[in-house]
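> Provided below are the primary sequence and the corresponding predicted coordinates.
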Amino acid sequence: QLRIVDEHFGSATYTLKLLFRDQQHHILRLILQSALAEAEASYRQIYERGAPLMRFVEDLGLPQPRRFQIAAEFTLNAELQRHLQAEALEVNRVRAVLDETQRAGVPLDSATLEFSLRRNVEELARLFDAQPQDLARLRAFNAAVDVAAMLPFKVRLWQPQNVFYEVMRRWYPGMKAKAGEGDEDAQAWCESFLSLGDKLSVRVP
């Protein structure tokens, strides 16, 4: 991993202590990202090779070997976090990983996963707020809230709720009127918007 320093600064000799603090943090992030990627690849290889045996041991009612448990926990939490951070959240992929964690008896890193998804939902809410009439952005926001509801822990959604309320106040009456006049796009928008309101526990008048 320390080759990253050479690649970033050239062939001259440096130590982290000679760099400014922000440069230190930047280089350390690069090193840590590389180290974590290597560790994840190693754990994933162990998990994928051992998964059939782990399922067989589980079927026999025997305790899982601790090393396999560690590999499964690291791998599945990392995979779930990637899906929760994805720009396009895919409900089926998240559900598949959650099912696998349940089968493997893997504890979830709730704090890290909650933070990852919350940031993603907040960003999707922000994008929707910037273009409230965009049905694709509304549906992406809606899908992200669906994912939050699937998780076995609470995701704090007060900021997306505030965004929803402001869009409801500023845009919903007009879209509702268009829908009533037979505008199919407005009708699809209102249907998705009302569904989102139910999920966010915000009553739409």
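Nice, I can see it. Numbering: from 1, shown residues only.
> which ones are touching Pro160?
By CB atoms under 8 Å, 6 or more residues apart in numbering, the residues touching Pro160 are Val121, Glu122, Leu124, Ala125, Phe141, Val145, Leu200. Where C-beta positions appear, they are placed from N, C-alpha and C, glycine not excepted.
> the fourth one touches Glu166, doesn't it?
No - using CB atoms under 8 Å, Ala125 is not in contact with Glu166, being 10.1 Å away.
> among those two, which residue is more densely surrounded?
Ala125 (25 against 12; other CB atoms under 10 Å).
> now the helix or strand where Arg44 lies: mean pLDDT?
Arg44 belongs to helix 21-59 when assigned by DSSP states H and E. What helix 21-59 shows for mean pLDDT is 65.
> tell me which residues of the next helix-or-strand element following it are tucked away?
Using DSSP H and E, the next helix or strand after helix 21-59 towards the C-terminus is helix 66-85. Of all the residues in helix 66-85, those buried under the rule 16 or more other CB atoms under 10 Å are 68-69, 71-81, 83-84.
> minimum pLDDT in the residues you listed, which residue is that?
Phe68 (77).
> distance of that residue relative to Ala88?
Phe68 is 32 Å from Ala88, where distance means CB to CB, to the nearest Å.
> name the SS class of the residue nearest to Ala148 when sequence neighbours are not counted, please.
In this structure, Ala148 finds its nearest non-sequential neighbour in Val155, 4.1 Å apart by CB to CB, 6 or more residues apart in numbering. Following DSSP: H, G, I helix; E, B strand; the rest coil, Val155 is assigned to coil.
> pull the number of nearby residues for Val155.
Neighbours around Val155, by other CB under 10 Å: 22.
> and what of Phe164?
26.
> need the contact list for it.
So Phe164 contacts Ala125, Leu196, Gly197, Leu200, Val202 (CB under 8 Å, 6+ apart).
> once you drop chain neighbours, what's closest to Leu194?
Closest to Leu194 by CB to CB, 6+ apart is Val204, at 5.7 Å.
> might one say that the one you found is in contact with Ser192?
No - Val204 is not in contact with Ser192 according to CB under 8 Å; the separation is 11.8 Å.
> now do the one helix or strand Lys176 maps to: which elements does it pack against?
For Lys176, the enclosing helix or strand under DSSP H and E is helix 172-180. On a contact count with 3 or more CB pairs under 8 Å, 6 or more residues apart in numbering; DSSP states H and E, helix 172-180 meets helix 184-199.
> all good on my end, thank you.
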